[in-house]
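1. compute the structure for the input listed below.
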Amino acid sequence: MTRFEIRVPERELNLPLCVSCGQVFRWRRIEEDVWAGADGQDGYVCRRSPGGWEVTTNADERSFRRLFQLDRRLRDVEESIVALAPELAPYVARLPGLRLMRPRCAREVLFSFLCTSNNNLERISRMVGWLGDLGEPIAGLPVRAFPTLERLALLDEEELRGAGFGYRARTIVAVARRLTELGGDWLDRLRGVPYGEAHACLRELPGVGPKVADCVCLIGLHFDEAAPIDTHLWQAACRLFFPEWTGKALTEARYRQVGQALRERFGPLTGWAHQYLFYDNLLRWRARSSPEGADTLVP
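-> Just a heads-up that it's a prediction; the model follows:
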């Protein structure tokens, strides 16, 4: 077990915001100012300290820094985004410390986002937590490793439906079995091909549409030019860039056009800009909704 302190101001890393805004789904607060979570085989317990965070992990400090992209100065990212799109200044200002995460385990990212269709953050987290509980405990930490592909391939559709996965059960089972056929390193190998090719390959998996493919490209495969377009991103894009589409449906053609427009505007910062647009719109939705409302992620 490794312990270290990350000295970083909250303005540069708001860890609770990063792990609860829809990028990852297996982090939780276990006590005041203490968060626990996992990335594949790596587990973390993070306790707030006067200078930042005290971290206990079975991985190492380099893994933690990579997960939160701490090699990048967030202020520089924010200033670059605002320079490219001044209209995003209030979005960036509203979410200080929000970072684009880079999980190491693409398998966990894929199966997590298979749970997101027509769903909300609370329910997605329950589903991904259920899948995570199939993994092996990580000694000394209150988290489990994400299950192996072999374990996932043993899942039964009815078992998943009984656990509340609904129609997503069929997709999860089919994808697990297809990945078994493709080979355990198939997902990781996609990091070595161009973004467009990786996106197309993911679309060939059973039940994977353009949004889930882009989520995996951005969060799991680390293509910073990916721009997942869900309900919240679509609403934000219409409000800021495509007012003529306000109130209209998100078709595949419009999906491609919005993604390309964001890539042309933000280049390698597209994924970062996406996070501000997505989560700001989610907060707007929550503010308009009743306390009992659910924060729907995708159409």
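
2. what residues of the helix ranked longest in the chain count as buried?
-> Using DSSP state H to define each element, the chain has its longest helix at helix 270-288. Across helix 270-288, burial judged by 16 or more other Cβ atoms under 10 Å covers 270-283, 285. (Each C-beta comes from the backbone N, C-alpha and C, glycine too.)

3. of all the residues you listed, which two lie farthest apart?
-> Pairwise distances among the buried residues of helix 270-288 were taken by Cβ to Cβ; the largest, 22.2 Å, belongs to T270 and W285.

4. the helices in the stretch 51-200 of the chain, which residues?
-> Taking DSSP state H, counting those that start in this stretch, the helices of the stretch 51-200 of the chain run over residues 61-67, 74-84, 89-94, 106-113, 121-132, 149-153, 157-162, 168-182, 186-189, 195-203.

5. highest mean neighbour count out of the ones you listed?
-> The highest mean neighbour count among the helices of the stretch 51-200 of the chain belongs to helix 106-113 (a mean of 25), with neighbours defined as mean count of other Cβ atoms under 10 Å.

6. what angle separates that helix from helix 195-203?
-> If you take axes from the mean of the first three to the mean of the last three Cα atoms, to 10 degrees, helix 106-113 sits at 60 degrees to helix 195-203.

7. now helix 106-113: mean pLDDT?
-> Model confidence over helix 106-113, given as mean pLDDT, is 98.

8. show me the contact partners of that helix.
-> With contact meaning Cβ atoms under 8 Å, 6 or more residues apart in numbering, helix 106-113 is reached by 24-26, 39-40, 103, 124, 128, 131-132, 146, 149, 152, 172, 175-176, 179, 187-188, 190-191, 202, 212, 215-216, 219-221.

9. C-alpha coordinates for the strand or helix carrying I6, PDB please?
-> Per DSSP states H and E: I6 is located in strand 2-7. C-alpha atoms of strand 2-7 as PDB (Å, rounded to 0.1, in the frame of the first residue of the first chain):
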ATOM      1  CA  THR A   2       1.300   3.500  -0.900                       C
ATOM      2  CA  ARG A   3       0.600   6.700   0.900                       C
ATOM      3  CA  PHE A   4       1.400  10.200  -0.300                       C
ATOM      4  CA  GLU A   5       0.200  13.800  -0.200                       C
ATOM      5  CA  ILE A   6      -0.800  15.700  -3.300                       C
ATOM      6  CA  ARG A   7      -0.300  19.400  -2.600                       C
END
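
10. so what strands line up beside it?
-> strand 52-57 (antiparallel) (DSSP bridges).

11. show me the shaky parts of this protein.
-> Judged by pLDDT under 70, the chain has its weakly predicted residues at 290-299.

12. determine the longest strand present in it.
-> strand 42-49 (DSSP state E).

13. next, the angle helix 121-132 makes with the longest helix of the chain.
-> Going by the same axes, to 10 degrees, helix 270-288 makes 120 degrees with helix 121-132.

14. need the contact partners of helix 270-288.
-> So helix 270-288 is in contact with 21-23, 77, 81, 84-85, 88, 91-92, 94-95, 98, 100, 218, 223-228, 230, 232-233, 235-237, 240, 262-263, 265-266, 293, 295-296, going by Cβ under 8 Å, 6+ apart.

15. also stretch 17-26?
-> Residues outside stretch 17-26 that contact it (Cβ under 8 Å, 6+ apart): 27, 35, 37-39, 68, 95, 97-101, 103, 108, 112, 115, 121, 124-125, 128-129, 132, 143, 146, 219, 275, 278-279, 282, 297.

16. now for the closest residue to E54 other than its chain neighbours, how many residues are close by?
-> Distance criterion Cβ to Cβ, 6 or more residues apart in numbering; nearest residue to E54, sequence neighbours excluded, is R47 at 4.6 Å. Using other Cβ atoms under 10 Å, the number of residues around R47 comes to 17.
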